[in-house]
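Student: Prediction below, plus the sequence it came from.
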Protein chains: 2
Amino acid sequence: MRILITAGPTREYLDDVRYLSNASSGQMGYALAHSAIQAGHEVALVSGPVRLPPPEGCEIYHVETTDEMYAQCETLFPECDGVIGTAAVCDYRIKTRKPGKIAKTGEAITLELVETIDVLAELGTQKGHRWVIGFALESQDARFNAVRKLYSKKCDAIVLNGVNAIGSTENYVEVIDQSQETVATYSGEKSQVAESLISWVQAHIAGK
Amino acid sequence: MRILITAGPTREYLDDVRYLSNASSGQMGYALAHSAIQAGHEVALVSGPVRLPPPEGCEIYHVETTDEMYAQCETLFPECDGVIGTAAVCDYRIKTRKPGKIAKTGEAITLELVETIDVLAELGTQKGHRWVIGFALESQDARFNAVRKLYSKKCDAIVLNGVNAIGSTENYVEVIDQSQETVATYSGEKSQVAESLISWVQAHIAGK
């Protein structure tokens, strides 16, 4: 198979220096890319700014903003069999980015944030015969929100992890499929969780 | 001498996942810490989240927000001979941090940003016989703004660098002292620039 994987955070700039982001380290996505290659698949990895070397044998595409991530994925997706979206994209961008660096004046600043494009939901609408696996990071009503995302993003399965997964080397995940049930759980080092998830995808999704 | 050095970015959270920050890698501050130790000084390094190992022999204090950086510096400064402030602190924080992770609703969000404490300016008011060296990153009217900061933060000298210094392994800096003149310029790898700056501090500031 040829698998598209998104990883890392995106950044949404307020001016040329300051941005909104999150502490996503990219580890889960890079570990999945590594495991998929080890299992004999081709991987196109679209990554936000992280400090990880791409796995050997992996096509890597570096992006910064959510729009850039979507543009790259839109180009790559038609030639892939499926996508695994682990990226912790900024869901919001600053409506009006200022040039240069905003100088301090002693005054408060009011920022308007608008939602960014939903990368995985857009790929979901374009999926055709391809499969889509999402990741959900929820702080409350976790399963309910994960199932909601499974449908709204047209996912074949969604992997639910907690807020403390961000930046950590370990993870505890639940895989929820279109039955709305948790059909698998994995925990441990992200490298091990990744290997289990790739096996699960091969067994339950790729052959559908 | 015992030198306090601040390095890296700070983060100001919007909720438990998303934050405002910048791409500061911490390289300049860590390189200065290394050079100062090589030159026989003690260093207390207060660092925002970066992915660099602290230089050998360096006391390291990890912080995340600007308030945390200030609290740590305020504790350490009385026992130091001077401070070099390279940290790219978030100048703004979100007025009301939300618990959990704000869920998308399709609506825009309005954020109010208020200025954070100015770490170096606060240390400047407490400096007494100690010396203070600031870094300024300016996108326009660079020298004018650097001199303004030199005075407002009660610095003995200010090191001016451009917006493209952030995250880069190289740097071009101008040292401006209380004469308001550029008294030294250095360029090249940040490690080399750091060595030159420590020599300059020893020769022109520490013995004042």
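Tutor: That came through, no problem.

Student: all contacts plus neighbour counts: C-alpha atoms, from now on.
Tutor: OK.

Student: List of residues touching the lengthiest helix in chain A?
Tutor: Longest helix in chain A, counting residues (DSSP state H): helix A:190-204. Identification of contacts with helix A:190-204 by CA atoms under 8 Å, 6 or more residues apart in numbering or on different chains yields A:27-28, A:31-32, A:35-36, A:169-173, A:186-187.

Student: in it, what counts as buried?
Tutor: Residues A:190-198, A:201 are the ones in helix A:190-204 that count as buried (16 or more other CA atoms under 10 Å in any protein chain shown).

Student: Closest one of the residues you listed to B:Thr96?
Tutor: The closest of these to B:Thr96 turns out to be A:Lys190 (CA to CA; 33.2 Å).

Student: so how far is A:Ile158 from that closest one?
Tutor: Using CA to CA, to the nearest Å, we find A:Lys190 at a distance of 17 Å from A:Ile158.

Student: and what of A:Lys104?
Tutor: 43 Å.

Student: When those two are compared, which one has more neighbours?
Tutor: More crowded of A:Lys104 and A:Ile158, by other CA atoms under 10 Å in any protein chain shown: A:Ile158, with 29 against 12.

Student: Under a three-state scheme, what state does that one occupy?
Tutor: Classification of A:Ile158 by DSSP: H, G, I helix; E, B strand; the rest coil places it in strand.

Student: Repeat that for A:Leu150.
Tutor: Quick answer, by three-state DSSP: A:Leu150 is helix.

Student: Which parts of chain A are strands?
Tutor: Assigned by DSSP state E, the strands in chain A fall at A:2-7, A:12-13, A:18-22, A:42-47, A:59-62, A:82-85, A:92-94, A:109-115, A:131-137, A:157-161, A:170-177, A:182-189.

Student: In JSON lines: these, plus distance to B:Ile94 and mean pLDDT.
Tutor: What follows is the strands of chain A, written out as JSON lines (distance: least, CA to CA, whole Å; pLDDT from 0 to 100):
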{"stretch": "strand A:2-7", "distance to B:Ile94": "26", "mean pLDDT": "98"}
{"stretch": "strand A:12-13", "distance to B:Ile94": "15", "mean pLDDT": "96"}
{"stretch": "strand A:18-22", "distance to B:Ile94": "11", "mean pLDDT": "96"}
{"stretch": "strand A:42-47", "distance to B:Ile94": "27", "mean pLDDT": "98"}
{"stretch": "strand A:59-62", "distance to B:Ile94": "29", "mean pLDDT": "98"}
{"stretch": "strand A:82-85", "distance to B:Ile94": "29", "mean pLDDT": "98"}
{"stretch": "strand A:92-94", "distance to B:Ile94": "14", "mean pLDDT": "95"}
{"stretch": "strand A:109-115", "distance to B:Ile94": "10", "mean pLDDT": "93"}
{"stretch": "strand A:131-137", "distance to B:Ile94": "22", "mean pLDDT": "94"}
{"stretch": "strand A:157-161", "distance to B:Ile94": "26", "mean pLDDT": "94"}
{"stretch": "strand A:170-177", "distance to B:Ile94": "29", "mean pLDDT": "92"}
{"stretch": "strand A:182-189", "distance to B:Ile94": "34", "mean pLDDT": "94"}
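
Student: What residues does A:Glu115 make contact with?
Tutor: Neighbours of A:Glu115 in contact, by CA under 8 Å, 6+ apart: A:91-93, B:104, B:106-108.

Student: My error: substitute A:Ser187 in the last question.
Tutor: A:Ser187 is in contact with A:170-173, A:193, counting by CA under 8 Å, 6+ apart.

Student: for A:Gly40, same thing?
Tutor: Counting by CA under 8 Å, 6+ apart, there are no residues that A:Gly40 touches.

Student: Quick one: buried ones out of the contacts of A:Glu115?
Tutor: Judged by 16+ other CA under 10 Å, buried ones among the contacts of A:Glu115: A:91-93.

Student: Could you find the closest non-adjacent residue to A:Ala121?
Tutor: Counting by CA to CA, 6 or more residues apart in numbering or on different chains, A:Ala121 lies nearest to A:Lys153, which is 3.9 Å off, once chain neighbours are set aside.

Student: Neighbours of that neighbour, how many?
Tutor: Using other CA under 10 Å, A:Lys153 has 21 other residues around it.

Student: ok, now how distant is it from chain B?
Tutor: 13 Å (CA to the nearest CA, to the nearest Å).

Student: is it true that that residue touches A:Gln126?
Tutor: No. Using CA atoms under 8 Å, A:Lys153 is not in contact with A:Gln126, being 10.5 Å away.

Student: show me what contacts A:Gln180?
Tutor: Contacts for A:Gln180 (CA under 8 Å, 6+ apart) come out as A:Val147.

Student: ok, it to A:Asn145 distance?
Tutor: Taking CA to CA, one finds A:Gln180 at 11 Å from A:Asn145.

Student: need the residues of chain A near chain B, please.
Tutor: Those residues of chain A that sit near chain B, judged by CA under 8 Å from any CA of the partner chain, are A:16-23, A:51, A:90-91, A:100-101, A:104, A:106-115, A:138-140, A:163.

Student: any idea of the pLDDT on A:Thr10?
Tutor: With respect to pLDDT, A:Thr10 has a value of 97.

Student: Name all residues that make contact with it.
Tutor: A:21-22, A:48-49, A:63-66, A:69, A:87-90.

Student: ok, now A:Ser25?
Tutor: Counted by CA under 8 Å, 6+ apart, A:Ser25 has contacts A:8-9, A:50-51, A:166-168.

Student: burial of A:Asn164, as a residue count?
Tutor: Neighbours around A:Asn164, by other CA under 10 Å: 15.

Student: beta partners of A:Glu12?
Tutor: Bridge pairing for A:Glu12 (DSSP bridges) gives the partners A:Leu20.

Student: re the thing from before, which one, of the strands of chain A, ends up nearest to B:Trp131?
Tutor: Going by CA to CA, the one of these nearest B:Trp131 is strand A:18-22, 28.8 Å.

Student: what does that closest one rub up against?
Tutor: A:9-14, A:88, A:90, A:93, A:101, B:17-23, B:90.

Student: and it, how far from the chain's centre?
Tutor: Put simply, strand A:18-22 sits 16 Å off its chain's centre (CA atoms, centre = their mean, to the nearest Å).

Student: can you pull the alpha-carbon coordinates of it into CSV?
Tutor: C-alpha atoms of strand A:18-22 as CSV (Å, rounded to 0.1, in the frame of the first residue of the first chain):
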residue,chain,number,x,y,z
ARG,A,18,4.5,34.9,17.2
TYR,A,19,2.2,32.0,16.5
LEU,A,20,-0.4,29.7,17.9
SER,A,21,0.6,26.1,18.2
ASN,A,22,0.7,23.1,20.5
